[in-house]
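# I'd like to go over a predicted model; first the sequence, then the structure.
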Amino acid sequence: MGARVTSLRQVSAGPSLSVDLAAVAANTRRFVSLARGGVMAVVKADGFGHGLGDVARTAVAAGATWIGVTSLAEAVQVRESGVDVPVLSWLNPVDADVRTAVRYGIDLSVPSLPHLAAMEAGVRVHLQLDTGMARDGAAPETWLSLMSAARRAELAGRVSVVGVMGHLPCADTLGANEPGKRALLRGVAMARQAGLRPSVRHLAATSAALTDPGTHLDVVRIGAGLVGIDPSGTTRLRSALRFTAPVVQVRRVAAGTGVGYGHAYVTDRATTLALLPVGYADGLPRNASGNAEVWLAGRRRPVAGVISMDQVVVDVGDDVVEPGDEAVVFGPGDDGEPTAGDWARWAGTIPHEIVTGIGARVRRSVR
C-alpha cells in the first residue's frame, strides 16, 4: 500500500502557548496562606516562560508583597510593567548600573566585597550569603569582613542594608534544610553584631515553603510554584500553560514504513500519521523522542520517530484526523493530556526547563 496524503489546507494559526493567569493567582494565594511572613513572587526568565509583566502583576494582585528577579534588566521591566511593591535583583555583575537601580527603586543583592564597593548612595541592599550551594553568595569565610564593610558603607550613607538572603541546596529532600537555616541565622547574627539591622531575612523557595515552615523567616521566594510546579512533589498546584499545535498534514501508510530521521520509528501496521509544525526549535526536547506523546482526537498519541527542529509526526492508528485539528502538546492534565512534568520525565529533566524553553516563534496569549 502506498502512502495516501491528505491535501494540506490553510491552518489559521501555528503552535500556540496559552497562559492561564487565574492559575497563577490561585497558586499565589495558596502560598500567601501558607507563608509565615511575606511572599516574594520570583518572575525571572520571563516569569518562568509565562510572561514577566503578566505574572508579576497577577501575583501582586493575589497578595505577593515582593517581586524577585535575577538581572537588573528584568527588575526594570517589572517596574515598567506597573508594579510598585519592593523589587529585588540578585544576580548582577560588579559593574551593574547601580544608578538605574536607585532611579527605579530596585533593591540589589551584595554577594561579595567588590559588589559592595561598587554600590552608590541611595541603594538598598540584601547581603547574599552562600548557605550551602557553593554558587552565588559570599563564602562563609568572608562573612565577617563583608558585614563590617557593609556597616561602614551604611554609616557613610552609601547603602542601606535591608536584608540578608541565602538559598537551600537540598530543599526538595525532606529534613535537609537545617544546615542552611543555621547558616543563614548565623549570618544574620553576625550582621547584627556588626551594627546592621536587616529587617528582611529570606531563605526558602517553593519546596521549602511547602514542606518546612521553619525556613520561612520573613519572606519566602516563590518562582516555580507560581506557575504550578512543585519540585518537592508534595502538593498539587495549578499548571498555568497550555501548548497546542495544529495538524498540517495527514497520511495513510503501510506497515513497515520508516518515519523521520534514521527511521527510528517503523510502523508495525497500516496506520495514519499526523504532522505537527512544532519541534525542538520551539522547545520540545529532542531527547524525549521515543517516549513523548501528545493529545489528539480524544486520546494520547505517540510521537513517531525523532523530534525534528520544526516538526513531529504522531501515530494516530485508524482514527480519523484532519488538517486543522488541534493537538495538545502539554497542558494542566485535567483531560488526560500530557503535562510539562510528563515532558520533563520523558526528556530526563525538570519541568522548569520545559516551560522556560518554549521558542520565540510560538504564538503567546493570556486568559
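Here it is on my side, so go on. Numbers count the residues shown, from 1 in each chain.
# Kindly tell me how buried the spatially closest residue to residue 201 that is not a sequence neighbour is, as a neighbour count.
Residue nearest to residue 201 in three dimensions, not counting chain neighbours: residue 217, with 4.2 Å by Cβ to Cβ, 6 or more residues apart in numbering. Backbone N, C-alpha and C define where each C-beta goes, glycine included. By other Cβ atoms under 10 Å, the residues close to residue 217 number 22.
# Can you classify residue 217 by secondary structure?
Using DSSP: H, G, I helix; E, B strand; the rest coil, the structure places residue 217 in coil.
# where does it land on pLDDT?
Note on residue 217: pLDDT of 98.
# Over to residue 13?
For residue 13, pLDDT reads 76.
# Report how many residues lie close to it.
Neighbours around residue 13, by other Cβ under 10 Å: 12.
# Kindly report the same for the one 5 residues further on.
Other residues within reach of residue 18, judged by other Cβ under 10 Å, total 15.
# what does residue 320 give?
9.
# Could you confirm it falls within a strand?
No. Judged by three-state DSSP, residue 320 forms no part of a strand; its state is coil.
# For this structure, which segments are assigned as helices?
Listed in chain order, the helices of the chain (DSSP state H) span 21-34, 44-49, 52-61, 72-80, 98-104, 113-117, 143-155, 178-193, 206-211, 340-347, 351-356.
# picking up where we left off before, next one: the residue nearest to residue 201 from residue 204, what distance?
With distances taken as Cβ to Cβ, to the nearest Å, residue 217 is found 7 Å from residue 204.
# Ok, residue 334 next?
For residue 334, the distance to residue 204 equals 29 Å [Cβ to Cβ].
# Those two - which one has more neighbours?
When residue 334 and residue 204 are compared for neighbours, residue 204 comes out ahead with 31 against 9, by other Cβ under 10 Å.
# Let me see the contact set for the residue nearest to residue 201.
Contacts for residue 217 (Cβ atoms under 8 Å, 6 or more residues apart in numbering) come out as 36-37, 184, 201-204.
# I'd like to know which of those residues are buried.
With burial judged by 16 or more other Cβ atoms under 10 Å, the buried subset of those is 184, 201-204.
# In CSV, list the residues you listed along with pLDDT and distance to residue 306.
As requested, the buried ones among the contacts of residue 217 are arranged in CSV below (pLDDT from 0 to 100; distance: Cβ to Cβ, whole Å):
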residue, pLDDT, distance to residue 306
184, 98, 46
201, 98, 49
202, 98, 44
203, 98, 43
204, 98, 41
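# returning to what we had before: just the contacts of residue 217: which are in strands?
Among those, DSSP state E puts 201-202 in strands.
# May I ask which two of the contacts of residue 217 are separated the most?
Greatest spatial distance among these (Cβ to Cβ): 36 and 184, at 15.0 Å.
# ok, residue 207 - contacts?
168, 171-172, 230-232.
# if I look at it, how far off is residue 223?
Residue 207 sits 11 Å away from residue 223, going by Cβ to Cβ.
# Can you check which residues contact both of these two?
In contact with both residue 207 and residue 223: no residue, using Cβ under 8 Å, 6+ apart.
# lowest-pLDDT helix or strand in the protein?
Least confident element among the helices and strands of the chain, by mean pLDDT, DSSP states H and E: strand 4-6 (a mean of 54).
# For burial, what's the neighbour tally of residue 19?
By the criterion of other Cβ under 10 Å, residue 19 has 22 neighbours.
# Isn't it up against residue 50?
Yes. Checked against Cβ atoms under 8 Å, the pair residue 19 and residue 50 is within contact range at 5.0 Å.
# Mutual contacts of those two, please.
240-241.
# shaky segments in the protein?
Applying pLDDT under 70 to the chain flags the ranges 1-12.
# Spatially central residue for it, please.
Residue closest to the mean C-alpha point of the chain, counted by Cα atoms, centre = their mean, is residue 48 at 3.1 Å.
# Nearest residue to residue 196 in space, please, no chain neighbours.
Spatial nearest neighbour of residue 196, excluding adjacent residues (Cβ to Cβ, 6+ apart): residue 161 at 4.8 Å.
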